[in-house]
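A.B. asks: Prediction below, plus the sequence it came from.
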Amino acid sequence: MTAIHVADDERVRVALADRSYDILIGRDLLAEAGAHVAALGARTIGVVTDENVAAIHLPAVAASLRRHGLTVETVIVPAGEKSKSFETLGFVVDGLIAARVERGDVVLALGGGVVGDLAGFAAAILRRGVRCVQAPTSLLAQVDSSVGGKTGINSPRGKNLIGAFHQPSLVLADTSALDTLPPREFRAGYAEVAKYGLIDDEAFFGWLEANHAEVFAGGPARTRAIATSCRAKAGVVARDEHEHGDRALLNLGHTFGHALEAEVAYDGTRLIHGEGVAIGMAMAFRFSAALGLAAPADARRVEAHLAAVGLPTSPKAVPGPLGGPEALFRHMQQDKKVERGRLTFILAHGVGQSFVSRDVEAAQVMAFLESELA
Ligand SMILES: NC(=O)c1ccc[n+]([C@@H]2O[C@H](COP(=O)([O-])OP(=O)(O)OC[C@H]3O[C@@H](n4cnc5c(N)ncnc54)[C@H](O)[C@@H]3O)[C@@H](O)[C@H]2O)c1
Ligand SMILES: O=C(O)C(=O)C[C@@H](O)[C@H](O)[C@H](O)COP(=O)(O)O
Ligand SMILES: [Zn+2]
């Protein structure tokens, strides 16, 4: 039997009774994926990936799986947010069925959050559910999307409106894969890292303010940021898997951010998810300040840190024409946190003091959006 070696590193447990799983974080995990996946007892592995990741990382993963006696079938989709569509979902599911991926087999999502959400959803519905291993290759996917079981695709009317909760059986976060990630994508993923500090961990946010250059450079600070993020998310998901309460905090910045992504029709050249989240988090803090809930200095602190790493903080930073406040408000009304027609916001009393609010009036939202877009 092959010994399973975890490089430097970190193991975070997501505690969900009989659906508990590990997140392994470390260098070179993709090259030893076969050992980890073989331990799950599948025969065929349906690897779903995108064109960019396939060109760089698929050969090593496929070779490792084959070395451990596994049959490898691959489905490759175009890179980018537009692949979170019914059309691409159909292509993926059909590819997995054609490859005879059975109920006892495993779908391996190799890529960023787009592949993770798409392949995870395909696994949730294929033969009424097969297991999924997430092998996240972007920073965003390593700190957020590969963990917690939210899977799905977009509707032209809004982000992630079609999907299912389907927890992975294992997450393999190979930090060396980030060496090939384009800088814009690394920066965008960093927005979700900062999010965990802003939600409820001011000390982590302060650490990021002091150490962001090391996180961007790689090495132990990067691994620490990823592990801290995964621990934070694992804790929330274990408490509230299906988002009846606390899990909504992970949506900090997303009510505004998702509206912007829908407004640009998921055009990844104008705006990518993490950038939308950065703008949305800055907006959430400015909105909190405008409502008298947070000090304006806290909003300025958030903006200053996001700007320091090169992230946008205003909707006016999105290139090209944007619809007005009414258009953004219409998108926000499709948010999954809407209850009885009322918007839910994640607001903050300060850095690390976020909370869920259902007390905001539509008129206050419209006035704020007008000021943001003026
Ligand atoms: N399910 C969740 O809980 C959750 C959480 C956060 C975000 N998301 C979703 O995740 C998506 C965003 O994910 P993302 O930012 O990873 O985008 P992405 O999947 O589009 O990946 C970003 C880009 O980087 C490329 N790439 C990925 N890894 C690479 C690597 N190692 N080397 C070179 N290129 C690489 C991809 O091909 C793509 O072009 C959005 O759809 C968002 O809604 C989901
Ligand atoms: O895991 C969660 O819960 C999150 O909200 C994490 C977010 O970063 C992520 O973008 C998620 O996909 C958004 O969820 P949604 O329910 O608003 O679509
Ligand atoms: Zn997100």
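C.D. replies: Yep, that arrived. Note that the structure is predicted; figures quoted are calculated from it, not measured. Ligands and ions are numbered 1, 2, ... in the order given.

A.B. asks: The stretch 201-350 of the chain: strands as residue ranges?
C.D. replies: 345-348 (DSSP state E, counting those that start in this stretch).

A.B. asks: For the closest residue to residue 169 other than its chain neighbours, grab phi and psi.
C.D. replies: Leaving out its chain neighbours, the residue that sits closest to residue 169 by C-beta to C-beta, 6 or more residues apart in numbering is residue 131, at 4.5 Å. For the C-beta atoms, the positions are set from N, CA and C on the backbone; glycine is no exception. Backbone torsions of residue 131, given as degrees, to the nearest 10, read phi -70, psi 150.

A.B. asks: which residues does residue 131 contact?
C.D. replies: 40, 42, 105-107, 123, 168-169 (C-beta atoms under 8 Å, 6 or more residues apart in numbering).

A.B. asks: buried sites along the top helix by length along the chain?
C.D. replies: Looking across the chain with DSSP state H, the single longest helix is helix 220-239. Within helix 220-239, the residues scored as buried using 16 or more other C-beta atoms under 10 Å are 221-234, 236-237.

A.B. asks: could you flag which of the contacts of residue 131 are buried?
C.D. replies: 42, 105-107, 123, 168-169.

A.B. asks: quick one: residue 288 and residue 346 touch, right?
C.D. replies: No - under the criterion of C-beta atoms under 8 Å, residue 288 makes no contact with residue 346, lying 9.4 Å away.

A.B. asks: What residues does the stretch 151-300 of the chain have near ligand 1?
C.D. replies: Residues of the stretch 151-300 of the chain lying near ligand 1 by C-beta under 6 Å from any ligand atom: 159-160, 177, 180-181, 185, 188-189, 273-274.

A.B. asks: now those in CSV, with distance to residue 211, pLDDT and secondary structure?
C.D. replies: Formatted as CSV, these follow (distance: C-beta to C-beta, whole Å; pLDDT from 0 to 100; DSSP: H, G, I helix; E, B strand; the rest coil):
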residue, distance to residue 211, pLDDT, secondary structure
159, 31, 97, strand
160, 31, 98, strand
177, 21, 98, helix
180, 23, 98, helix
181, 19, 98, coil
185, 20, 98, helix
188, 19, 99, helix
189, 16, 99, helix
273, 24, 98, helix
274, 19, 98, helix
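
A.B. asks: Now list the buried members of these.
C.D. replies: Listed as buried from those are 159-160, 177, 181, 185, 188-189, 273-274; burial here means 16+ other C-beta under 10 Å.

A.B. asks: I'd like to know which elements the longest helix of the chain is packed against.
C.D. replies: If you count contacts as 3 or more C-beta pairs under 8 Å, 6 or more residues apart in numbering; DSSP states H and E, helix 220-239 packs onto strand 10-14, strand 21-26, strand 170-174, helix 183-200, helix 202-217.

A.B. asks: Nearest to ligand 2, out of those?
C.D. replies: Taking C-beta to the nearest ligand atom, helix 183-200 is the member of those nearest to ligand 2, at 5.5 Å.

A.B. asks: Against which helices or strands is the closest one packed?
C.D. replies: So helix 183-200, by 3+ C-beta pairs under 8 Å, 6+ apart, packs with helix 139-140, helix 202-217, helix 220-239, helix 273-290, helix 296-308, strand 354-357.

A.B. asks: Any part of the first one near ligand 1?
C.D. replies: What it means is helix 139-140. Yes - on the criterion C-beta under 6 Å from any ligand atom, helix 139-140 is in touch with ligand 1 at residue 140.

A.B. asks: Let me see the contact set for residue 250.
C.D. replies: Contact partners of residue 250, counting by C-beta under 8 Å, 6+ apart, are 144, 148, 195, 199, 233, 236.

A.B. asks: What residues does the chain have near ligand 2?
C.D. replies: 144, 148, 150, 159-160, 192, 243, 247, 250-251, 254, 336.

A.B. asks: List only buried entries from the residues you listed.
C.D. replies: Buried among these by 16+ other C-beta under 10 Å: 144, 148, 150, 159-160, 192, 243, 247, 250-251, 254, 336.

A.B. asks: which one of the contacts of residue 131 sits closest to ligand 1?
C.D. replies: Using C-beta to the nearest ligand atom, those come closest to ligand 1 at residue 168, 10.4 Å.

A.B. asks: residues in contact with the closest one?
C.D. replies: 21, 109, 120, 131-134, 146-147, 149.
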